[in-house]
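Asks: how does the following fold in three dimensions:
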Amino acid sequence: MVDNISYKKIWVISYPLILGGVAQNIVSVTDTAFIGKFGGEIPLGAVGNGGIFYMVIIMAGLGFAAGGEILIGRRNGEENYKQIGKVFSHLFYCLCFLGVVIFLFTKFAVPDLIEAVSKSKEIAQYTNEYLDYRAYGILFSFFNFAFRAFYVGITETKVLIINTFILCAINVALDYGLIFGELGLPMMGIAGAALASVIAEAVASLHFVYYTSKINHQKYSLFEFPKIQRDIISRINVIASPIMLRNLIAFSSWLAFFLMIEHISARDLAISHIVKTLYMVLIIPLMGYSACTSTMVSNLIGQGQIDKVLTIIKRISILSVLSSLVMVPLNFLFPETLISFYTNDTTLIADTIPTLHIISGSMIMFSLVNILFSGVIGTGDRKAILLIEIITTIIYLTAAFMFAFHYNLAIELVWSSEYIYFGLMGIMAFIYLRMDRWKKLNL
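Replies: Model (predicted):
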């Protein structure tokens, strides 16, 4: 329960989420780094595309879990703890079903889709090789989403620290072993990167089960597995559906962006994936603050403390911007060092630096805008969430397309379209939060 909105309380909730956010990014980052060293530009671009395809595919589960997380947060704020267990059980049912459906879709439909949208047959082949193994991780990812939603919703997030450490340690070790054939393991290259990720996610699932078996089940009515109640699923879906669609739009737009770049050149695609992974690492603290925002806003509304919502958003925004001001200078002080984690090619390193500098400014915008938009998500207003995302995405992709193909700008200038995306989203989220509409919602 959120009983105060002090900076200390924000930090207590946020820092496990910040560390937990590593889990969302470490798999893609590690795979890209090792493959960049292993195979060069084309495999690097293929694994990067595969990672984004994977994120697009699992957006349904991630969005549905976010809906459950908001509802759990609302019930936690109301101190209606018994209802939390029912919400968790139904969230678990739905995520398991979705996981199986999306796994089958990935195995049987996605390969043809990748071949259809890729310009390079070689990149498509490597991407499909990666996803052929990576698809099995969908089942474990969806399983983990349910537990993560539960712990974030009740603001007991310290378990995410241990779970993240387990996932990261296993993924890094197995990436090294299975990609390069070290540690007594077979050399599998791209397939090894995918398999390492699947095993790491499976072990993380086992840890969640073990940890949850030790907590107070009766307080939350956990593991009672009640009969399916359509009203609970409907309530989760009402909140989750726009978030699911919003996440799908957001990551699909990023996929579209990278497919545009692939049609320019393999070199620009490699540059973009290196920048993307560095971007993902540096924004991990910001994503933690983002998750903290949505859950604290939901809890406060559940407690009837609507007057404190804008205060919490303001305070988290300050912490988020300060964090970005600490992280962003690394891009200017040590660009060669950071990029060298992904490639030994000195010319590729030099070509990547201008794009890295361009996205550094957008990170500062992101640190503020993402908190504002997470505040909107925390209110549960599905129409506002979806409308903001659709408008910004259409304008963003139009600008990126014009920069890339009409004006034939350099890759770093194509990436400047990020400023348009965050600028529009920030303005609309700010206007919405100043309105009274969200104060009258009933979840």
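Asks: so where's the stretch 301-443 of the chain uncertain?
Replies: Within the stretch 301-443 of the chain, the stretches with pLDDT under 70 are 441-443.
Asks: list the contacts of stretch 416-430.
Replies: Here stretch 416-430 makes contact (CB atoms under 8 Å, 6 or more residues apart in numbering) with 257, 358-359, 361-362, 365-366, 368-369, 372-373, 375-376, 387-389, 391-393, 395-396, 399-400, 403. (Each C-beta comes from the backbone N, C-alpha and C, glycine too.)
Asks: buried among those residues? Make that a PyMOL selection.
Replies: Selection command for PyMOL covering only the buried members of the contacts of stretch 416-430, criterion 16 or more other CB atoms under 10 Å:
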select buried, resi 257+358+359+362+365+366+368+369+372+373+375+376+388+389+392+393+396+399+400+403
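Asks: now, the contacts of stretch 416-430 that are in helices?
Replies: Of the positions in the contacts of stretch 416-430, 257, 358-359, 361-362, 365-366, 368-369, 372-373, 375-376, 387-389, 391-393, 395-396, 399-400 sit in helices, assigned by DSSP state H.
Asks: what's near enough to touch the residue with the largest distance to the centre of the chain?
Replies: Within the chain, the residue lying farthest from the chain centre (CA atoms, centre = their mean) is residue 184, at 32.8 Å. With contact taken as CB under 8 Å, 6+ apart, residue 184 is in contact with residue 177.
Asks: and the one 3 residues further on, by the same measure?
Replies: For residue 187, the residues meeting the contact criterion (CB under 8 Å, 6+ apart) are 178-181.
Asks: one more time with 7 Å
Replies: Counting by CB atoms under 7 Å, 6 or more residues apart in numbering, residue 187 touches 180-181.
Asks: may I have the secondary structure class of it?
Replies: Following DSSP: H, G, I helix; E, B strand; the rest coil, we place residue 187 in the coil state.
Asks: next one, pLDDT for it please.
Replies: Looking at residue 187, its pLDDT reads 93.
Asks: any idea how far it lies from residue 193?
Replies: To residue 193, residue 187 is 12 Å away according to CB to CB, to the nearest Å.
Asks: and if you look at residue 300?
Replies: According to CB to CB, residue 300 and residue 193 sit 41 Å apart.
Asks: more neighbours: those two, which one.
Replies: Using other CB atoms under 10 Å as the criterion, residue 300 and residue 193 rank with residue 193 on top: 31 against 22.
Asks: I'd say the more buried one and residue 33 touch.
Replies: No. With contacts counted by CB atoms under 7 Å, residue 193 stays clear of residue 33, the gap being 9.8 Å.
Asks: any low-confidence regions in the stretch 101-250 of the chain?
Replies: For the stretch 101-250 of the chain, no range has pLDDT under 70.
Asks: tell me where it has helices.
Replies: Here the stretch 101-250 of the chain has its helices, by DSSP state H, counting those that start in this stretch, at 110-117, 121-134, 137-153, 159-180, 190-212, 217-220, 230-262.
Asks: now the ones you listed as CSV including distance to residue 410?
Replies: Converted to CSV, those look like this (distance: least, CB to CB, whole Å):
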stretch, distance to residue 410
helix 110-117, 24
helix 121-134, 21
helix 137-153, 36
helix 159-180, 32
helix 190-212, 29
helix 217-220, 54
helix 230-262, 12
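Asks: pick the most buried one from those.
Replies: Per residue and on average, the most neighbours among the helices of the stretch 101-250 of the chain fall to helix 137-153, with a mean of 25 (mean count of other CB atoms under 10 Å).
Asks: how big is the angle separating that one from helix 121-134?
Replies: With axes from the mean of the first three to the mean of the last three CA atoms, to 10 degrees applied, the angle from helix 137-153 to helix 121-134 works out at 60 degrees.
Asks: how many degrees apart are helix 137-153 and helix 190-212 in direction?
Replies: Angle, helix 137-153 to helix 190-212, by the same axes, to 10 degrees: 40 degrees.
Asks: list the contacts of helix 137-153.
Replies: 17, 57-58, 61-62, 65, 68-69, 72-73, 76, 88, 91-92, 95-96, 98-99, 102-103, 106, 157, 159-160, 197-198, 201-202, 204-205, 208, 212, 291, 295.
Asks: CA atoms only for that helix, dumped as CSV, please.
Replies: The C-alpha trace of helix 137-153 is given here as CSV (Å, rounded to 0.1, in the frame of the first residue of the first chain):
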residue,chain,number,x,y,z
GLY,A,137,10.9,-18.5,-24.2
ILE,A,138,7.4,-17.1,-24.8
LEU,A,139,5.9,-19.7,-22.5
PHE,A,140,8.2,-18.8,-19.7
SER,A,141,8.0,-15.1,-20.3
PHE,A,142,4.2,-15.1,-20.0
PHE,A,143,4.5,-17.2,-16.8
ASN,A,144,6.9,-14.6,-15.4
PHE,A,145,4.7,-11.7,-16.4
ALA,A,146,2.0,-12.9,-14.0
PHE,A,147,4.3,-13.0,-11.0
ARG,A,148,5.9,-9.7,-11.8
ALA,A,149,2.5,-8.0,-12.1
PHE,A,150,1.5,-9.4,-8.6
TYR,A,151,4.7,-8.2,-6.9
VAL,A,152,4.6,-4.8,-8.5
GLY,A,153,0.9,-4.4,-7.9
